[in-house]
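Asker: sequence and predicted model, in that order:
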Amino acid sequence: MTLATPVLHTARLRLRPFTDADAAPLFALHSDAYVLRYWDSPPWNEPARAERFIAKCRTMADEGTGARVAVDRVSDGAFVGWCGLTGWNPDYRSASLGYCLAEAMWGHGYATEAAHTLLTWAFDTLDLNRIQAETDTRNAASARVLEKIGFVREGTLREDCIVNGEVSDSWVFGLIRREWRPPAGRC
């Protein structure tokens, strides 16, 4: 069962399927050690990783296991980052949310706006009941984004990952349909 990757719009952002032209900005994003300092995998050191990521996005859509979208700023077309739902399970009506934005795009509300828009699509189109997200416990900014869009911190996965050689914990967040509050009007 395929899952068409959506094209979604807000006043400031466009969420769309990845294209081959996204390889360079995607590599720049994922090779930035500061951006990835809380990730459970090291920064990319070869541009081919971006091509494989884009191919994986297409495979997820073809297999119906998720949808990952590139996020652009409407005003100038700048690549902001990406947002996605993975592990979509139509039987359990669940999926996991993830996102990654370029450092220059932080502090403008883009992560909140993009995630909220993708969640609206997910609840309306995929009829989800639960969406889960995880973040390193040191990543306070990501935790704030999740809380702003309605996620509830449900627990801590102790010593869940090794990030840059350090053992780290992760917070698990959940958002269930009956607690979902779509944005008033358009973002």
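Answerer: Yep, that arrived.

Asker: per-residue confidence at Arg52?
Answerer: If you check Arg52, the pLDDT there is 97.

Asker: could you do Asn129 as well?
Answerer: On pLDDT, Asn129 comes in at 96.

Asker: number of residues surrounding it?
Answerer: Residues lying near Asn129 (other CB atoms under 10 Å) number 15. (Glycine included, C-beta is placed from N, CA and C.)

Asker: next up, the contacts around it.
Answerer: 92-94, 176-177 (CB atoms under 8 Å, 6 or more residues apart in numbering).

Asker: which residue lies farthest from the center of the chain?
Answerer: Gly165 (24.0 Å; CA atoms, centre = their mean).

Asker: rewinding a little: can you select the buried ones among the contacts of Asn129 for me in ChimeraX?
Answerer: Restricted to buried positions by 16 or more other CB atoms under 10 Å, the ChimeraX selection for the contacts of Asn129 reads:
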select :94
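
Asker: follow-up on the earlier one: against Pro42, how distant is the residue farthest from the centre of the chain?
Answerer: According to CB to CB, to the nearest Å, Gly165 and Pro42 sit 10 Å apart.
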